[in-house]
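[1] Just to be clear, the model below is a prediction. Sequence and coordinates:
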Amino acid sequence: MDGADMAAGQDAGLEGEEGLTAGLQALSISTPATGRAPVHLQPFVKGGRVMVLEGFTSPYDKLKLRPYDGPNNPDHDNKTLVSPGLTAEALYSTGEGGADFDTFLEALQQQGKCVRDEHDETMHGHLRAIARYGNVYMYNTSHLSTIMTVEEFDYDMKKGQRIKDGDSGDKANSYGRGRGRGKRGMRKNTDPYMHHSFIPSAATTDVLQKFMETFNFEESTSIEIYNVTCRFEPRGVENTIILDKDLKFREFRPPGDKWMVLDLKRRPKSDAYPFGTDIRFKLQSCRILKGDELEKSEEYRKLLDPDNKVLEQGHSYGLRDLHGEPDLRIHHDYRGKVNFARRKLIRRFRAADDVQHSRFRTDVEVRLTEVCEYSRPDPSGRFSSVIPGRQEVTVIPPLPDWTSPEEVETFAREYWQFCLELGDTLYP
């Protein structure tokens, strides 16, 4: 598989429930093409999901939950949303010596050991790290005080993660049982615990100019695709279907295995953007199924039929009447299954010259992506919400040798610092 195929959709899709609460469970996947026995993995259940408040110094720092009215995932339209942040009285630490970086390093080291011991590319697919910029917000918080310690916040959030894992049918998940918590009886109760979600946010309008002026990078390749999120069963997992710019099938992606998802909740830089710009660090693997593999599956073969496209133009002559974007409709066979799509023009950049003494800076890839987001479809298959022209930034770093503790720590420090620097430059 070449780099263009991997790059076309590895960071695809909606960063919502599937991206966090379901992605790190011990997933059972039997691909339609291979018919492999279910894959049951345990690495994700210990330390794989982490949320870190930028600048916190100890578990006893105080934080406050403030009302959140920024962008949110469609599933949370009717929920009360809040954004966590350290109180004004908290003592902030900065740089690599802080408790926030220590937490990131510890999670990466721990999950890197899981990758080293468990990851098999033939089974799990290609492994890569991805960092994205957006907003973290919380829901299910009515039982909580608006002010609490970091320790109290973390405890309730982890309880919520275990409940969510149980609801999703992961009966062998030992995340709670291994530590004597998370009794089975709790899984049938109404969920009283806090959860959090992440949604990508827009970079500054002059993102390309700022990027080229600040970083010595040059454009390597570009591609235009559509990412379509689809559930084939009402309560099933989310799959991603990648279409080319003409809405023809390109590839099918079953849910990936997320070995680590760490959300860094950053401090806002100004009152104009009260929720700041957060960073989601993911370590994930993904299998990619092409047309020849789907041909073997009676259930999924219809994705290849040019007369049965998942998405279709709302007008036969291709009129762009929605903010200059295509008027897309969901094919009637997929209505009720597709709830989200994104048109993405992805531009990839790499360092213009080798960076002395830094393999990371030489090989890291930065993507500037123009995104049009389609969501909230009505019964006719037309998307009622269309958000055009948003610029997003993604970082794809070169992975370290997981058998070398020194290399993993060096990677963590460079990765952390580069993502902070890039976010401070390209986001408001």
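    On my side now, so go ahead. Residues are numbered from 1 along each chain as shown.
[2] Look at residue 410 and tell me its secondary structure.
    With DSSP: H, G, I helix; E, B strand; the rest coil as the basis, residue 410 sits in helix.
[3] what's the closest non-adjacent residue to it?
    Nearest non-adjacent residue to residue 410, counting by CB to CB, 6 or more residues apart in numbering: residue 400, 7.3 Å away. For every residue, glycine as well, the C-beta is placed using N, CA and C.
[4] if I look at that neighbour, how far off is residue 284?
    According to CB to CB, to the nearest Å, residue 400 stands 16 Å off from residue 284.
[5] ok, back up a step: report how many residues lie close to the residue nearest to residue 410.
    Neighbour count of residue 400, defined by other CB atoms under 10 Å: 22.
[6] next one: residue 54
    20.
[7] Residue 307 now?
    7.
[8] which phi and psi does it have?
    Backbone torsions for residue 307, taken as degrees, to the nearest 10, come to phi -90, psi 0.
[9] Identify the residues contacting residue 146.
    If a contact means CB atoms under 8 Å, 6 or more residues apart in numbering, then residue 146 has 64-66 as its contacts.
[10] Okay, and the residue lying closest to residue 193 once chain neighbours are set aside sits in which element?
    In space, residue 193 comes closest to residue 160 once its chain neighbours are excluded; the distance is 3.3 Å by CB to CB, 6+ apart. In this structure, residue 160 sits in helix 150-167 according to DSSP states H and E.
[11] Past that helix, which element shows up next along the chain?
    Trace forward from helix 150-167 with DSSP H and E and the next one is strand 195-200.
[12] rewinding a little: go ahead and produce CSV holding the CA coordinates of the helix holding residue 160.
    Presented in CSV, the C-alpha positions along helix 150-167 are these (Å, rounded to 0.1, in the frame of the first residue of the first chain):
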residue,chain,number,x,y,z
VAL,A,150,-8.3,17.3,39.0
GLU,A,151,-8.4,14.0,40.9
GLU,A,152,-12.2,14.1,41.4
PHE,A,153,-12.7,15.1,37.8
ASP,A,154,-10.4,12.2,36.6
TYR,A,155,-12.1,9.6,38.8
ASP,A,156,-15.6,10.4,37.5
MET,A,157,-14.5,10.5,33.9
LYS,A,158,-12.8,7.1,34.2
LYS,A,159,-16.0,5.7,35.8
GLY,A,160,-17.9,7.0,32.8
GLN,A,161,-15.5,5.3,30.4
ARG,A,162,-15.9,2.0,32.1
ILE,A,163,-19.7,2.3,32.0
LYS,A,164,-19.6,3.1,28.3
ASP,A,165,-17.3,0.2,27.6
GLY,A,166,-19.8,-2.1,29.3
ASP,A,167,-22.8,-0.7,27.4
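[13] Look up how far residue 394 lies from the residue nearest to residue 127 when sequence neighbours are not counted.
    Using CB to CB, 6+ apart and skipping the chain neighbours, the partner closest in space to residue 127 is residue 285 (4.4 Å). According to CB to CB, residue 285 stands 17 Å off from residue 394.
[14] Which stretches in this protein count as helices?
    Counting by DSSP state H, the chain has helices at residues 3-9, 17, 99-118, 121-124, 150-167, 207-214, 291-294, 359-363, 405-426.
[15] mean pLDDT for the ones you listed: which is lowest?
    Ranked by mean pLDDT, the helices of the chain end with helix 17 at the bottom, a mean of 37.
[16] Using TSV, lay out the helices of the chain together with mean neighbour count and distance to residue 222.
    As requested, those are exported to TSV (neighbours: other CB atoms under 10 Å; distance: least, CB to CB, whole Å):
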stretch	mean neighbour count	distance to residue 222
helix 3-9	17	10
helix 17	17	31
helix 99-118	18	30
helix 121-124	13	27
helix 150-167	20	37
helix 207-214	15	12
helix 291-294	15	23
helix 359-363	16	19
helix 405-426	17	18
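[17] among these, which is nearest residue 138?
    helix 150-167 (7.9 Å; CB to CB).
[18] From the contact counts, what lies against the closest one?
    Here helix 150-167 touches strand 49-53, strand 62-67, strand 195-200, going by 3 or more CB pairs under 8 Å, 6 or more residues apart in numbering; DSSP states H and E.
[19] Dump these to TSV, plus mean neighbour count, distance to residue 139 and mean pLDDT.
    Below are the helices and strands packed on helix 150-167 laid out as TSV (neighbours: other CB atoms under 10 Å; distance: least, CB to CB, whole Å; pLDDT from 0 to 100):
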stretch	mean neighbour count	distance to residue 139	mean pLDDT
strand 49-53	24	14	91
strand 62-67	16	11	95
strand 195-200	23	6	92
